[in-house]
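[1] Give me a 3D structure for the following:
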Amino acid sequence: MNAAKSHVEARNLMCQVMANEKDIWFVENSSVLRFLLDRELEMTKHAERGISFGSVELALEALECYYPSVIFLDLYMDGGKKDGWDFIRESELIGYRGEIIIVSSTVNPEHKERAERLGVKMIKKPINAETIESLIK
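    Residues are numbered from 1 along each chain as shown. Predicted coordinates for the structure are as follows:
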């Protein structure tokens, strides 16, 4: 089997699995923070609905076949080719119209204004179960 065919089959399988069960995403490059976010989500009534991505690229690939209801998005993705702003722009091109909440360690006024212009919320890290609960409708 060639690599392209294997990639397509893996993507199709991922779409089938995701479409059946998940609708809250965390897009965060830090594995430690992804673990902590997953633990905080477990403390809410939405525990079974979460999935985490370690890069913008992986999340965008998944977004091509499945739209979650809420995406918690890290703005700065160290080591990746794309950041949170790229994700927002490309998610619109894909057709995603769900809620995106930027989660950043710093919230400077220019970024907050840009987020508002794009129609997304912006909150400061760290977030806890109460914050998640209050933001998920």
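[2] which residues in the chain form helices?
    3-21, 31-42, 56-63, 84-94, 109-118, 129-135 (DSSP state H).
[3] Kindly compare burial across these and name the winner.
    Comparing these by mean neighbour count (mean count of other Cβ atoms under 10 Å), helix 56-63 comes out on top with a mean of 19. Quick note: C-beta positions are derived from backbone N, CA and C, even for glycine.
[4] that older thread, need the least confident one among the helices of the chain, by mean pLDDT.
    Mean pLDDT per stretch puts helix 3-21 lowest among the helices of the chain, at a mean of 57.
[5] if we can go back for a sec, now the helices of the chain in CSV, with distance to I100?
    Shown next, in CSV, are the helices of the chain (distance: least, Cβ to Cβ, whole Å):
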stretch, distance to I100
helix 3-21, 17
helix 31-42, 15
helix 56-63, 11
helix 84-94, 6
helix 109-118, 8
helix 129-135, 11
